[in-house]
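*Asks:* Got a sequence here, can you build the structure:
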Amino acid sequence: MTQRTCTVEDCDRPHIARGFCTRHYRRWQKYGDPLGAHEWPLRTLLQNAATLTGPGPCEEYFGTKNRPAYRIDGRAMPASRAVWIIAYGDPGTWHVLHDCGNDRCLRVGHLYLGTHEQNMHDCVRHGVSTAGERHPNAKLTDAKVLEIRALRGVQPASVVASNYGVGDGTIYMIWRDQAWKHLLSTSDT
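*Replies:* Here you go, the predicted model:
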């Protein structure tokens, strides 16, 4: 029996799925095209977005499933950082943040420089943070954490942990305000 090969022209690698070899199948999954990302349309979009200063609608790139990325001098980076570099030069250790809260936006007028901490605050402000119950692996809800905090000194951590289906360490971290910090009131901090 002969082994099927990739259906992409001039590719003789073995077929694994949907008529493609591993390389072309992964490219198809990531970019929607077995030949890979289309660099030129993204490069053109980046150069155009770098000229769009001031307010206006978001300039979004939908060529990938995830946040767009680009390579400059062989270094991969988010496309918004690449736009900043094209428009203003390398920001060094500063993060390129989105004032609009849209991580697909490439309009340089919606971008500004900030620290990692400012970036995390922006995530919360724009509602895209995965802290607390929004985290895909969270076992607790915000309400349950507040209940757990109220049980400090009332019940042993092992009892509280078994009641809520988490480990003792999680309970201690909640009680010490080392976990679920976003639920702390401003008077607590």
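*Asks:* any idea how far residue 123 is from the residue most central in space within the chain?
*Replies:* The residue lying closest to the centre of the chain (Cα atoms, centre = their mean) is residue 67, at 7.1 Å. Noted for residue 67: a distance of 13 Å to residue 123, by Cβ to Cβ, to the nearest Å. Any C-beta I mention is one placed from the backbone N, CA and C, and that applies to glycine too.
*Asks:* And for residue 77?
*Replies:* 18 Å.
*Asks:* out of the two, which sits in the busier spot?
*Replies:* residue 123 (17 against 14; other Cβ atoms under 10 Å).
*Asks:* Relative to the whole chain's centre, how far out is the strand or helix carrying that one?
*Replies:* Using DSSP states H and E, residue 123 maps to helix 116-125. Taking the mean of its C-alpha atoms, helix 116-125 sits 13 Å from the chain's own mean (Cα atoms, centre = their mean, to the nearest Å).
*Asks:* Just list what the first helix or strand past that helix going along the chain packs against, helices and strands only.
*Replies:* Next along the chain after helix 116-125, taking DSSP H and E as the criterion, comes helix 142-150. Counting contacts by 3 or more Cβ pairs under 8 Å, 6 or more residues apart in numbering; DSSP states H and E, helix 142-150 packs against helix 157-164, helix 168-175.
*Asks:* right, and the helix or strand after the helix or strand of the chain with the lowest mean pLDDT?
*Replies:* Taking mean pLDDT, DSSP states H and E as the measure, the helix or strand of the chain with the lowest value is helix 39-49, at a mean of 67. The helix or strand immediately downstream of helix 39-49 is strand 69-72, counting by DSSP H and E.
*Asks:* in the next helix or strand after that next one, what's buried?
*Replies:* Downstream of strand 69-72, the next assigned helix or strand under DSSP H and E is strand 75-78. By 16 or more other Cβ atoms under 10 Å, the buried positions in strand 75-78 come out as residue 78.
*Asks:* List the strands paired with strand 75-78, with their directions.
*Replies:* strand 69-72 (antiparallel) (DSSP bridges).
*Asks:* can you pull the buried residues of the strand it pairs with?
*Replies:* 69, 70.
*Asks:* same check, this time on stretch 96-105
*Replies:* Quick answer for stretch 96-105 (16+ other Cβ under 10 Å): 96, 97, 98, 100, 102, 103, 104, 105.
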